[in-house]
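Undergrad: Curious how this folds, go ahead:
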Amino acid sequence: MRIAWGIALLSLLGLLVQVTFAQEYKIVGSIPIGGTGHWDYLLVDSENRRLYVSHNSEVAVIDVDSQEIVGKINVDGFSHGIALANNLNLGFITDGDSKTSNVKSPEQVVTFDLKTLARTAKTKVGEDPDSIVFDAPSGRVFAFNGDPMQTNVIDAKTSKLDKTVDLGGNPEFSVSDGRGSIYVNIKDKSEIVQIDSKTLTVKTRWPLAPCEGPSGLALDRENRRLFSVCSNGKMAVIDADSGKVVATVPIGALPDGTAYDPGTKLAFSSNRDGTLTVVRQITKDQYTVAQTVTTQPGARTMALDTKTHKLYLSSAEFGPKPAGSKYPSVVKDTFKILVLQLQ
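TA: Next comes the predicted model:
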């Protein structure tokens, strides 16, 4: 009888696994934002049910449950990255230049109140501020500057600049492991730099070969695995302690954003070619492509809601390239957020 029950239980578990694996991501709707201009990063606060979307000279704030815009935070130049310190009730935005217009860069980080969305401070930083991350153990904000190849470290409570750290290369996306380390992709060197958030020094540099031109970066904190998506159509999985590339997976063309969902054990790459690559984690060192979702050309940035497992991708319709620009124009009032869900 025990053997029979055991076989039945194993069969049931196998069926559940098959059902889980049969689920696929599909576009289930969109959130219109409208307006003009391009965009950059977006970020979900799963705890407080808000989605922060960089768009031109503002950050739109959306209630992810009602899918309604609840407010906007204006910046002085062009909004790029967003970081949140929920324990301090503060948010941070890198406010820099726009590569699609002649807007002069204010080269600053804007601090805002999470409840009122009111701006509370601004901190002057280096040129080309882009990626930004809050590190809870140190209470610091790390704002990464592309052209100067550095990070500006800010005291989150006071908004005062602590230190500038040279990186020796062009930084892209960044993550904090919550244990005293900041990781950042260095695009032109095809490497990851690890920063000690306490001493504010570069601890180590890890090559990402065969991954070239890394942009998006995500972290599986439980298994200590980093996910870096690269311009040569590969996702590299890296041991966050040794720096070893333990796996590579093929992804779509021209990737930018990435995410990892600890609840579903799935990693994602949003690609400018209009695809989303879904990667399944089999073990901490084994990965396979589970799905390629057709999204929309240019839908390259992405945010994940770890509570609902929904994905949000910035998208719009494009017009002709303005004279002297390598980027196409955005058709007015077409900017929106694609919503993807497991079905």
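Undergrad: So the spatially most central residue of the chain: helix, strand or coil?
TA: Central residue check for the chain by CA atoms, centre = their mean: the C-alpha nearest the mean position is that of Gly257, 5.2 Å away. Here Gly257 is strand, with the state taken from DSSP: H, G, I helix; E, B strand; the rest coil.
Undergrad: And the pLDDT for it?
TA: The model reports Gly257 with a pLDDT of 97.
Undergrad: Now it. Nearest residue, chain neighbours left out?
TA: Met302 (3.8 Å; CB to CB, 6 or more residues apart in numbering). In short, each C-beta sits where N, CA and C put it, glycine included.
Undergrad: I figured the one you found hits Ser315, correct?
TA: No. Look at Met302 against Ser315 with CB atoms under 8 Å: they stay out of range, at 10.4 Å.
Undergrad: surely Ala218 meets Val175?
TA: Yes. Between Ala218 and Val175 a contact is recorded at 6.6 Å, counting by CB under 8 Å.
Undergrad: Quick check: neighbours shared by these two?
TA: Residues touching both Ala218 and Val175 (CB atoms under 8 Å, 6 or more residues apart in numbering): Leu226.
Undergrad: Paired strands for the helix or strand harbouring Ile337, with orientation please.
TA: Per DSSP states H and E, Ile337 falls inside strand 336-342. Here strand 336-342 has these sheet partners by DSSP bridges: strand 25-32 (antiparallel), strand 311-315 (antiparallel).
Undergrad: quick one: which of those strands is nearest Val64?
TA: strand 311-315 (7.8 Å; CB to CB).
Undergrad: Can you list the neighbours in contact with the closest one?
TA: Residues contacting strand 311-315 (CB under 8 Å, 6+ apart): 25, 30-31, 39, 42, 44, 51, 53-55, 64, 257, 259, 268, 270, 276, 295-296, 298-305, 335-341.
Undergrad: Check stretch 283-292 too.
TA: Under CB under 8 Å, 6+ apart, the answer for stretch 283-292 is 21, 24-25, 220, 223, 225, 235, 237, 246-247, 249-252, 266-267, 275-282.
Undergrad: Out of those, which end up buried?
TA: 25, 220, 223, 225, 235, 237, 246-247, 249, 251-252, 266-267, 275-281 (16 or more other CB atoms under 10 Å).
Undergrad: quick one: the helices in the protein?
TA: 2-22 (DSSP state H).
Undergrad: For this structure, which element, helix or strand, carries the lowest mean pLDDT?
TA: helix 2-22 (a mean of 48; mean pLDDT, DSSP states H and E).
Undergrad: The closest residue to Val330 other than its chain neighbours: neighbour count?
TA: Distance criterion CB to CB, 6+ apart; nearest residue to Val330, sequence neighbours excluded, is Ala316 at 4.8 Å. Counted with other CB atoms under 10 Å, the neighbours of Ala316 add up to 26.
Undergrad: Any regions of the protein where pLDDT drops low?
TA: Counting by pLDDT under 70, the ranges of the chain that qualify are 1-21, 99-104.
Undergrad: which residues touch the residue nearest to Ser30 when sequence neighbours are not counted?
TA: Once flanking residues are discounted, Ser30 sits nearest to Lys336: 4.7 Å by CB to CB, 6+ apart. When the contact criterion is CB under 8 Å, 6+ apart, the partners of Lys336 are Ser30, Ile31, Pro32, Ile33, Gly34, Ser314, Ser315, Ala316.
Undergrad: Would you mind checking the residues you listed for buried ones?
TA: Judged by 16+ other CB under 10 Å, buried ones among the contacts of Lys336: Ile31, Ile33, Ser314, Ser315, Ala316.
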